[in-house]
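Enquirer: sequence-free structure coming up:
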Ligand SMILES: [Zn+2]
């Protein structure tokens, strides 16, 4: 059943704090944003829309462009949280070597559907589906079907970890698939990694990408998987350009960063991922010194959230953490941090747009595509006071504060609820995928996969030379108890 709000010819956000994400990172207080059709018509004070305009009270809230996630393995979403304690090695074993091939087209469809709604719910209006589980063209069809069924903006980065990129890009079936489905999504990329093999077998895949007119997105600088050799091979061969997206780019030399900067590519930083999985230290502290454009991404919900508020928060924290650490190593104190809250909000919006080679999204200005997010939560004590809007978005806000979301001028979330989603159906589909994987894996492998072994060395608590008191058995400690009088209530 279509929601009444989806048919409004225009939407007017009234009286919000607007972050237009212009070059100056302006803050416009008590400002209206008028959307007509699929575009932002006006940003200003005292605006009015045509008859039938849906007016949304934005007072006390923040109006900002929809966020852009430049790297998410959406097909993995039905395994939400399963790999919470994994390392990258365990991820590779599970998805690349053992269980990834068990995903049927309907499982890809389910993961994508779930992930697509998850994006919209969190104000992520554009998501790059880094879809490397497309073992057959049917899997690709299922991925597109799911994304096309959800009213978000999606870029399919086509990939297949079950074959070499020089193999699957040579498949004539891929060409006809692209011919058939290319118009169904916002954009397309090819997704594959460059191992650093001196024979450079990925050259054929780069040539296919060039032939198809598609940008390449690649996991680069991933500890133990991809390194400087891959960057050198692709830059020397002339395949690196401003459309190239380097995901993680965490374990790289200065030379590689120079090469990326000189060829105009951008880095997609997945801080939650890099912090847990071990690709390398989240690299913004390096790449910002090379003036390499940055976008943010969430990687996969098998481990982490799919929430760019978290990406902004962890990225700011990781960058500052490193800056302090580097300074302390030389006895210095950081008194003014370099990375500011407004910069991570920029990366989460226009940084993503730039990585996709467009400026029609990621900003709020007349003529821009109407992908708009209103953060407003009247039920939350965290929604006020709104003193520093960029700081508020980066450190205070969360997905539950996403009140209204527009994609292409259409209301996809309103008053805190997704419009047109069938959660019961999504839940059934997710359960079917889980049931399938669990049964083909077997119960033992399923349980072992979710509970990686604890390394032995960590079992031991270090010897302590100080033994002032044994607090574990010291009954006098009860005197300091917050739970009442000493000894009271004890039998
Ligand atoms: Zn990834």
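Expert: Everything's here; your move. Computed from a predicted model, the values in this text were never measured in an experiment. Numbering: from 1, shown residues only.
Enquirer: which ones are touching residue 173?
Expert: By Cβ atoms under 8 Å, 6 or more residues apart in numbering, residue 173 lies in contact with residue 137. Every C-beta, even on glycine, is put in place using the N, C-alpha and C of the backbone.
Enquirer: mind running it again at 10 Å?
Expert: 136-138, 140 (Cβ atoms under 10 Å, 6 or more residues apart in numbering).
Enquirer: Generate a PyMOL selection restricted to the buried subset of those residues.
Expert: Selection of the buried residues among the contacts of residue 173 in PyMOL, burial being defined by 16 or more other Cβ atoms under 10 Å:
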select buried, resi 136+137+140
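Enquirer: Any stretches of this structure with poor pLDDT?
Expert: Within the chain, the ranges that satisfy pLDDT under 70 run 1-7, 457-459, 469-491.
Enquirer: let's see it at 90
Expert: By pLDDT under 90, the low-scoring segments of the chain are 1-9, 454-491.
Enquirer: In terms of secondary structure, what does the helix ranked longest in it contact?
Expert: Looking across the chain with DSSP state H, the single longest helix is helix 308-329. Here helix 308-329 touches strand 67-72, strand 124-131, strand 266-269, helix 271-277, helix 284-287, strand 294-296, helix 341-346, going by 3 or more Cβ pairs under 10 Å, 6 or more residues apart in numbering; DSSP states H and E.
Enquirer: Columns mean neighbour count and distance to residue 309 on top of the ones you listed, output as TSV?
Expert: As requested, those are arranged in TSV below (neighbours: other Cβ atoms under 10 Å; distance: least, Cβ to Cβ, whole Å):
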stretch	mean neighbour count	distance to residue 309
strand 67-72	30	9
strand 124-131	30	10
strand 266-269	30	15
helix 271-277	24	11
helix 284-287	22	17
strand 294-296	28	10
helix 341-346	24	10
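Enquirer: Can you check which of the ones you listed gets nearest to residue 45?
Expert: helix 341-346 (22.6 Å; Cβ to Cβ).
Enquirer: re the thing from before, quick one: the longest helix of the chain to strand 67-72, angle?
Expert: Computed by axes from the mean of the first three to the mean of the last three Cα atoms, to 10 degrees, the angle separating helix 308-329 from strand 67-72 equals 80 degrees.
Enquirer: buried sites along helix 308-329?
Expert: Within helix 308-329, judged by 16+ other Cβ under 10 Å, the buried ones are 308-320, 322-323.
Enquirer: now it against strand 124-131, angle please.
Expert: On the basis of the same axes, to 10 degrees, helix 308-329 is oriented at 80 degrees to strand 124-131.
Enquirer: Surely residue 293 touches residue 263?
Expert: No. The criterion here is Cβ atoms under 10 Å, and residue 293 misses it with residue 263 at 11.8 Å.
Enquirer: Find the residues that touch each one of those two.
Expert: Listed as contacting both residue 293 and residue 263 by Cβ under 10 Å, 6+ apart are residue 242.
Enquirer: who has more neighbours, these two?
Expert: The neighbour count for residue 293 versus residue 263, taken as other Cβ atoms under 10 Å, is higher for residue 293 (20 against 16).
Enquirer: give the contact list for that one.
Expert: Residue 293 neighbours (Cβ under 10 Å, 6+ apart): 242, 245, 260-261, 264-268, 287, 347, 350-351, 354-355.
Enquirer: Just the buried residues from the residues you listed, in PyMOL please.
Expert: Buried subset of the contacts of residue 293, written as a PyMOL selection, criterion 16+ other Cβ under 10 Å:
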select buried, resi 245+260+261+265+266+267+268+287+347+350+351+354+355
